[in-house]
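J.: Provide a 3D model corresponding to the input given below.
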Amino acid sequence: MTTALTELRLTPVAGRIGAIVDEVRLGGDLPAGTVTAIEDALHRHKVLFFRGQQHLDDAGHEAFARLLGHPVGHPTVPSADGRYVFELDATKGVRANNWHTDVTFVPSYPKASILRALELPPAGGSTVWANTAAAYQDLPAPLKVLADSLRAVHTNDYDYAASLALTPELAENQEVAELFRQVFVSTAFKTEHPVVRVHPVTGERSLLLGAFAQRIVGLSGADSRTLIGLFQRYVERLENTVRWDWQVGDVAIWDNRATQHYAVNDYGDQPRLVRRITLDGDLPVGVDGAASRLLEPAEPPAVAGLVPAEQLEAGLRGN
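T.: So this is what the prediction gives:
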């Protein structure tokens with residue numbers, strides 16, 4: 001049994017975001033004091049890194065996740081285990097090399113994500129996280145006032161495949177690329193969020209944007225792109241980021257309410273396999289107290305319609 005901890009051994013990785021946690025063996029048997037310390041550190045550092053967690057399998061991954069919250073599946077993409085494990089296999093699909101916060105196209109998007117590395121390329125394949133609370137603090141006062149007043153529509157119904165780097169199988173087969181898109185958009189969601197959300201635990205204000213943010217409410221497409229790009233540049237400032245070079249057995253946990261992340265696609269056709277569990281989130285609230293709201297569908301399905309995983313894999317194999 002892991003001994004109880006009231007303080008963690010933390011080593012900051014970058015000046016504004018990220019810390020390594022030493023001497024903690026993750027699993028479902030962690031003492032309550034250790035779990036509380038992890039949560040506190042997560043709110044402070046935004047993303048935590050744990051080396052040497054090769055003992056974790058899917059069941060252990062889920063058991064640990066349950067100590068931090070309620071695991072939820074992806075709204076449209078089938079899980080790897082039929083439950084909550086979301087697999088990102090670079091040899092079978094697109095690579096998430098764009099800046100995004102996970103699943104912001106639904107109102108109560110995940111509060112946190114827990115990712116573990118199973119197979120990695122010999123070089124490359126890093127992930128970069130950005131502190132969106134620090135990005136908000138960087139804004140000049142007039143831009144803070146503007147951002148506080150804006151709301152944005154987030155959706156999964158856009159040219160997802162074209163915005164990401166495709167594996168050779170997808171790039172050379174438009175039919176399969178469209179099938180991948182059908183999986184991701186099997187239920188099309190549109191949600192209106194405040195551009196600045198107030199964190200329910202820390203009270204910090206952070207920019208809520210990323211790849212799923214497609215337009216600003218009340219503005220044209222061109223003006224929306226200009227404003228989103230303006231605020232997004234503050235998120236992507238190197239001063240607000242941390243880059244993690246993975247090792248097999250690493251686990252990363254990030255506060256999905258105060259970060260964006262980007263998986264660097266610099267490893268060619270080499271394998272990269274990671275698995276993620278996300279935790280159910282809360283309804284974002286803006287500076288004015290107005291909450292996020294679902295725009296489409298009018299009645300969210302109890303179970304999102306999915307293109308079966310075997311159909312997608314058959315397409316990728318050319319069968």
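J.: tell me what the helix or strand hosting residue 115 is packed against?
T.: Taking DSSP states H and E as the criterion, residue 115 maps to strand 112-119. Here strand 112-119 touches helix 58-68, strand 251-255, strand 273-279, going by 3 or more C-beta pairs under 8 Å, 6 or more residues apart in numbering; DSSP states H and E. Using the backbone N, CA and C atoms, a C-beta is placed for each residue, glycine as well.
J.: and the residue most central in space within the chain, backbone torsions?
T.: Closest residue to the average C-alpha location of the chain: residue 102 at 3.1 Å, with C-alpha atoms, centre = their mean. With angles defined as degrees, to the nearest 10, residue 102 sits at phi -60, psi 130.
J.: So what does residue 269 look like in phi/psi?
T.: Given degrees, to the nearest 10, the pair of backbone angles that residue 269 has is phi -100, psi 20.
J.: Report the separation between it and residue 118.
T.: Residue 269 sits 18 Å away from residue 118, taking C-beta to C-beta, to the nearest Å as the criterion.
J.: the more surrounded of the two?
T.: residue 118 (18 against 10; other C-beta atoms under 10 Å).
J.: how close does the closest residue in space to that one that isn't next to it in sequence sit to residue 21?
T.: Excluding the flanking residues, the one nearest residue 118 by C-beta to C-beta, 6 or more residues apart in numbering is residue 273, at 4.6 Å. Computed with C-beta to C-beta, the distance linking residue 273 and residue 21 is 23 Å.
J.: In terms of neighbours, single out the busier of these two.
T.: Using other C-beta under 10 Å, the more surrounded residue of residue 273 and residue 21 is residue 21, with 23 against 16.
J.: and that one, what are its bridge partners?
T.: For residue 21, the beta-bridge partners under DSSP bridges are residue 10.
J.: which outside residues touch the strand holding residue 115?
T.: The contact list for strand 112-119 (C-beta atoms under 8 Å, 6 or more residues apart in numbering) reads 42, 53, 56, 61, 64-65, 68-69, 102, 127, 246-257, 271-279.
J.: Which residue ranges of this protein form helices?
T.: Ranges of helices within the chain are 32-45, 58-68, 132-138, 141-149, 168-171, 174-184, 221-235, 309-317, based on DSSP state H.
J.: any idea which of the ones you listed scores lowest on pLDDT?
T.: When the helices of the chain are compared on mean pLDDT, helix 309-317 scores lowest, with a mean of 34.
J.: beta partners for the closest residue to residue 155 other than its chain neighbours?
T.: Of all residues not flanking residue 155 in the chain, residue 190 sits nearest, at 4.5 Å (C-beta to C-beta, 6+ apart). Assessed by DSSP bridges, residue 190 has beta-bridge partners residue 155, residue 296.
J.: ok, residue 190 touching residue 106?
T.: No: here residue 190 does not reach residue 106: they are 9.7 Å apart, not a contact under C-beta atoms under 8 Å.
J.: Which residue of these two possesses the greater neighbour count?
T.: Under the criterion of other C-beta under 10 Å, the comparison of residue 190 against residue 106 puts residue 106 first, with 22 against 18.
J.: could you point out where the chain is predicted with low confidence?
T.: Scanning the chain for pLDDT under 70 picks out the ranges 1-6, 75-82, 93-94, 158-186, 298-319.
J.: one more time with 50, if that's ok
T.: For the chain, the stretches with pLDDT under 50 are 1-4, 161-166, 176, 179, 302-319.
J.: returning to what we had before: tell me, what's touching residue 190 and residue 106 both at once?
T.: Common neighbours of residue 190 and residue 106 (C-beta under 8 Å, 6+ apart) are residue 294.
J.: picking that back up, please pick the buried ones from the contacts of strand 112-119.
T.: By the neighbour-count criterion of 16 or more other C-beta atoms under 10 Å, those include these buried positions: 42, 53, 56, 61, 64-65, 68-69, 102, 127, 246, 249-257, 272-279.
J.: hang on, isn't residue 261 packed against residue 131?
T.: No: counting by C-beta under 8 Å, residue 261 does not reach residue 131; the two are 10.8 Å apart.
J.: So those two - more neighbours on which side?
T.: Neighbours were counted for residue 261 and for residue 131 using other C-beta under 10 Å; residue 131 has more, 30 against 24.
J.: measure the closest residue to the more buried one other than its chain neighbours to residue 229 for me?
T.: In space, and not counting its chain neighbours, residue 131 is closest to residue 17: 4.0 Å by C-beta to C-beta, 6+ apart. Separation of residue 17 from residue 229 (C-beta to C-beta): 22 Å.
J.: now residue 255
T.: Going from residue 255 to residue 229 by C-beta to C-beta gives 24 Å.
J.: Tell me how far the residue nearest to residue 118 lies from residue 125.
T.: Taken as C-beta to C-beta, the span from residue 273 to residue 125 is 10 Å.
J.: what do these two both touch?
T.: Joint contacts of residue 273 and residue 125 (C-beta under 8 Å, 6+ apart) are residue 90.
J.: show me the contacts for residue 23.
T.: residue 9.
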